[in-house]
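Asks: sequence first, then the predicted structure:
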Amino acid sequence: MIYVDADACPVKVEVERVGTRHKLKMFIVSNGGIRPSANPLVETVVVSDGPDVADIWIADRATNGDVVITGDIPLAAKCIENGALVLKHNGEALTQKNIGNVLATRDLMADMRAADPFRQGGGRPFAKADRARFLDALERTVRAAARP
């Protein structure tokens, strides 16, 4: 199965394309505002408003052999702990080996932003190369998840 943390996810179409090719059930999880897909393999899950409700829904279900697509680092950590394979939207794999450093960097950056309210920045925009890198990474990850 593939779980997508769909709020602000730029690669939903790519997930559906790869998931359909591999005949995998996909859950597109959000607080709403996502157009449902007609694809029978895609289930659109709308959770109630509230902090981390979509994240909790995914973390409670994703397990060994599942693939999770998210940019949310604490959610990624929970899913990795449960045995799921996790990819960020740019194709970067989050694993047991790197999640500790990624969490620490996230916390450090949050502290820096809190200390300097003028420090803004949403990072660079999502580019065509990011989409291509994501597609390649998702294909490899889905194949790895299918191995016993």
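Replies: That came in fine, so what should we check first? Residues are numbered from 1 along each chain as shown.

Asks: same for the helix or strand where A76 lies, what does it pack against?
Replies: Under the criterion of DSSP states H and E, A76 resides in helix 73-81. With contacts taken as 3 or more C-beta pairs under 8 Å, 6 or more residues apart in numbering; DSSP states H and E, helix 73-81 sits against helix 53-59, strand 67-69, strand 85-87, strand 93-94, helix 99-115. All C-beta atoms are positioned from the backbone trio N, CA, C, and that covers glycine.

Asks: if we use 6 Å, what do you get?
Replies: Secondary-structure packing of helix 73-81 (3 or more C-beta pairs under 6 Å, 6 or more residues apart in numbering; DSSP states H and E): helix 53-59, strand 85-87, helix 99-115.

Asks: out of those, which gets the lowest mean score?
Replies: For the helices and strands packed on helix 73-81, mean pLDDT drops lowest on helix 99-115, to a mean of 64.

Asks: and the next element down the chain from it?
Replies: Next helix or strand after helix 99-115 toward the C-terminus (DSSP H and E): helix 128-146.

Asks: for that following helix, what is the average pLDDT?
Replies: The predicted model assigns helix 128-146 a mean pLDDT of 91.

Asks: burial count for the residue lying closest to A144 once chain neighbours are set aside?
Replies: With sequence-adjacent residues excluded and distances taken as C-beta to C-beta, 6 or more residues apart in numbering, A144 is closest to L85, at 6.5 Å. The number of residues packed around L85, counting by other C-beta atoms under 10 Å, is 23.

Asks: swap in the one 5 residues further on?
Replies: N90 sits with 18 neighbouring residues when counted by other C-beta under 10 Å.

Asks: same check on A132?
Replies: Neighbours around A132, by other C-beta under 10 Å: 12.

Asks: ditto for P40
Replies: By other C-beta under 10 Å, 8 other residues sit near P40.

Asks: kindly report the same for I73.
Replies: I73 has 17 nearby residues by other C-beta under 10 Å.
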